[in-house]
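Chemist: Structure for this input, please:
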Amino acid sequence: MASKLSQISDKLVDVSQGRLPADLILKNCNLLNTYSGEITDNVQVAIYKDRIAFVGQDAKHTAGRGTNILDLQDKFVSPGLMDAHAHIDFLVTPTEFARQALLRGTLAIFADPVDMVSVLGNKGFNLFLQEVRTLPVRVFTVVPMAIPQDPKFSSSRYMKYGEVVKALENDDVLGLGEVLSWIRVLDKEKELLKIMKYALSINKIVNGHTAGARGAKLEAYISSGIFSCHEPINYDEAIERLRLGMWVMLREGTVRRDLQEMISQIHSKEISYSRLMMASDGVDPEDIMKIGYMDHALRICVKSGMPPAKAAQIASLNTATYYGLDYDLGGIAPAKFADIVVFNNMQDFKISKVFVGGKLLVNNGAILLDQDSFEYPVWAKKTMNVKKKLQASDFFIKPPKDLIKDGKVNVLVANLQTDIITRQESAELKIINNNVAASRELDVWKVAVIDRHWRSGKIGLGFMKGFKTNVGAFAGTINVDENELVVIGIDEEQMAIAANTLIDMQGGMVVIKDGVAIAKYQMDVAGLMSSKSFEDAEKEYEAMNNVLKTHGCPFEKPLKVLFFVTFVALPEVRFTHNGMVNVKQRSYVNIFT
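Modeler: Residues are numbered from 1 along each chain as shown. As a prediction, the model looks like this:
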């Protein structure tokens, strides 16, 4: 569905007055009113073309010879759910993701295609727009501002000022995506502020990312014109931002699941819901199938004690209001788009039917339309710009002679505290054939970041501890915002096999044991997305996680280790194709201590 909003027809006036018949009447509805926060029973909704013409106790005056009348038998109706901040350009295609969103009642997605842009640049952004405009749900896009994460270390592509200006001319491009580095804002980085000022001058949104900011620094960031954030991870962070006038996106997705703890306290303390939204920040295929999407977030809110209609307000109207779309979306009322979700009950929120623009697209778990796969051009599927096939020697680390003692050397390691956060520590490793060797005994792994964007031949090497997995190597071409070719391995031969396997696959993830690939997940679109069906991709993705867990990885989602290897916005040690980085020091570090 094209995301450009249609004009309100004056024929809605005639329908609401009974001078023109409605196309569809929904009767016997329990309405979750996102404007009043109450549930109204025995409501009827009259729909003309793609919009609502009448909402009331009796809509029979809008019925005519061609009107379809559908009895919902006291089921509950809500406006379509919304994801206020999402990444839908990774793991599966937006087309496949949209099918799952539709089935789960999420009918508007506010997408930040940072991964497509990081690999394909401005061409990738325009390709993303081309695809999402064909989807059955409404996708509104923001221009990625998370890249470069930090210009000092980043190697990904990003959009320049002129490209951003051109992108913002699109009606369905609502503004700028999360400005990841608040330090860059406080330092008044010239190019970044120029882009922000232009966006604000034409009344476009600038989304925020304030992880770690507080007090005067947070207020300075807000003062630049950024009024939202999806990064609060607890009540104290959320309430600080609410008190300063920010819109807070309560996050419930694969990266973090913070909604339960925050919403329980917000509800118990009777904090206003008016500037709260729900956001996923990205959901992987396994979680969508097993947990759900924004329907899952809605269930959490209601279980916390929040009235269902107010939960629906957070899940729809507030997001529409923040993005300036509430004249069209966010409620079931006259003149609004007929984007309606029908729930069987208010306990498990099982979805019975879904209407988008007045058309029944989901009925009892079945999608009632055929959606063709999007045809990606060849240039979007040939993105492994690696200078050459890799050999074991490419992963050798030669030690300084003056630091060798008794055949060993001290090195810095990134010790995994969680699947995302690392701490800088040291380890003593053996020298074998003038190469610093990884150690399964010490659980110290080699990490290689190989440039796949610019064909430079650069390979950054370092060490990681805490993976605890009985495999030879683990590699992938997807990692937050950088999307380099990353290999984590215990021996160089198997690291080379992993890297070359992915080069041949044109991107994806692979696990190597005893020189053989025991799990693969091909991402043939930009090295970011599988072109397979959602169901087939989900099986492969789940198998990847399970293989690593079966072989001893201590984390519930082992793949997240790979995703965050290059993310220089989180503490404490990260990896680039130029070497290891200490994030707190904002500097490259010598791996030898």
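
Chemist: which residues in the stretch 351-500 of the chain form strands?
Modeler: Counting by DSSP state E, counting those that start in this stretch, the stretch 351-500 of the chain has strands at residues 351-356, 359-363, 366-367, 408-416, 422-432, 435-436, 444-450, 459-465, 473-476, 485-489.

Chemist: scratch that, the stretch 101-250 of the chain
Modeler: Counting by DSSP E, counting those that start in this stretch, the strands of the stretch 101-250 of the chain are 106-111, 138-143, 173-179, 205-208, 228-229, 247-251.

Chemist: Can you tell me which of these is most buried?
Modeler: Of all these, strand 106-111 carries the top mean neighbour count, a mean of 28, counting by mean count of other Cβ atoms under 10 Å. Backbone N, C-alpha and C define where each C-beta goes, glycine included.

Chemist: Now find how far off-centre it is within its chain.
Modeler: With Cα atoms, centre = their mean, to the nearest Å as the basis, strand 106-111 stands 11 Å off its chain's centre.

Chemist: same check, this time on stretch 223-236
Modeler: Computed by Cα atoms, centre = their mean, the chain-centroid distance of stretch 223-236 equals 17 Å.

Chemist: ok, and for that stretch, which residues are buried?
Modeler: For stretch 223-236, the buried set under the neighbour-count rule, 16 or more other Cβ atoms under 10 Å, comprises Ser224, Gly225, Ile226, Phe227, Ser228, Cys229, His230, Glu231, Pro232, Tyr235.

Chemist: just stretch 36-48 next, same as before
Modeler: Gly37, Ile39, Thr40, Val43, Gln44, Val45, Ala46, Ile47, Tyr48.

Chemist: And stretch 384-391, by the same measure?
Modeler: Using 16+ other Cβ under 10 Å as the test for burial, stretch 384-391 gives Met384, Val386, Leu390.

Chemist: Tell me the one among the residues you listed nearest to Asp287.
Modeler: Using Cβ to Cβ, the shortest approach to Asp287 within the buried residues of stretch 384-391 belongs to Met384, at 27.7 Å.

Chemist: The nearest residue to the closest one once chain neighbours are set aside: which element?
Modeler: Leaving aside its chain neighbours, Met384 sits nearest to Ile503 (5.0 Å; criterion: Cβ to Cβ, 6 or more residues apart in numbering). Assigned by DSSP states H and E, Ile503 belongs to helix 492-505.

Chemist: Can I get that helix in PDB, CA atoms only?
Modeler: The C-alpha trace of helix 492-505 is given here as PDB (Å, rounded to 0.1, in the frame of the first residue of the first chain):
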ATOM      1  CA  GLU A 492      42.600 -19.500  11.600                       C
ATOM      2  CA  GLU A 493      41.800 -22.300   9.100                       C
ATOM      3  CA  GLN A 494      38.200 -22.500  10.200                       C
ATOM      4  CA  MET A 495      37.900 -18.700  10.200                       C
ATOM      5  CA  ALA A 496      39.000 -18.600   6.600                       C
ATOM      6  CA  ILE A 497      36.500 -21.300   5.700                       C
ATOM      7  CA  ALA A 498      33.700 -19.300   7.400                       C
ATOM      8  CA  ALA A 499      34.700 -16.000   5.600                       C
ATOM      9  CA  ASN A 500      35.000 -17.700   2.200                       C
ATOM     10  CA  THR A 501      31.600 -19.500   2.700                       C
ATOM     11  CA  LEU A 502      29.900 -16.100   3.200                       C
ATOM     12  CA  ILE A 503      31.700 -14.600   0.200                       C
ATOM     13  CA  ASP A 504      30.300 -17.400  -1.900                       C
ATOM     14  CA  MET A 505      26.900 -17.000  -0.400                       C
END
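
Chemist: Now the residue nearest to Asp491 when sequence neighbours are not counted. Its backbone dihedrals?
Modeler: Nearest residue to Asp491 in three dimensions, chain neighbours excluded: Gly472, at 6.0 Å (Cβ to Cβ, 6+ apart). Backbone torsions for Gly472, taken as degrees, to the nearest 10, come to phi -90, psi -40.

Chemist: ok, Gly472 - contacts?
Modeler: If a contact means Cβ atoms under 8 Å, 6 or more residues apart in numbering, then Gly472 has Gly489, Ile490, Asp491, Glu493, Gln494, Met495, Ile497, Ala498, Ile512, Lys513, Asp514, Gly515 as its contacts.

Chemist: Include pLDDT when you put the residues you listed into a markdown table, please.
Modeler: Shown next, in a markdown table, are the contacts of Gly472 (pLDDT from 0 to 100):
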| residue | pLDDT |
| --- | --- |
| Gly489 | 98 |
| Ile490 | 97 |
| Asp491 | 94 |
| Glu493 | 98 |
| Gln494 | 98 |
| Met495 | 98 |
| Ile497 | 98 |
| Ala498 | 98 |
| Ile512 | 98 |
| Lys513 | 98 |
| Asp514 | 97 |
| Gly515 | 97 |
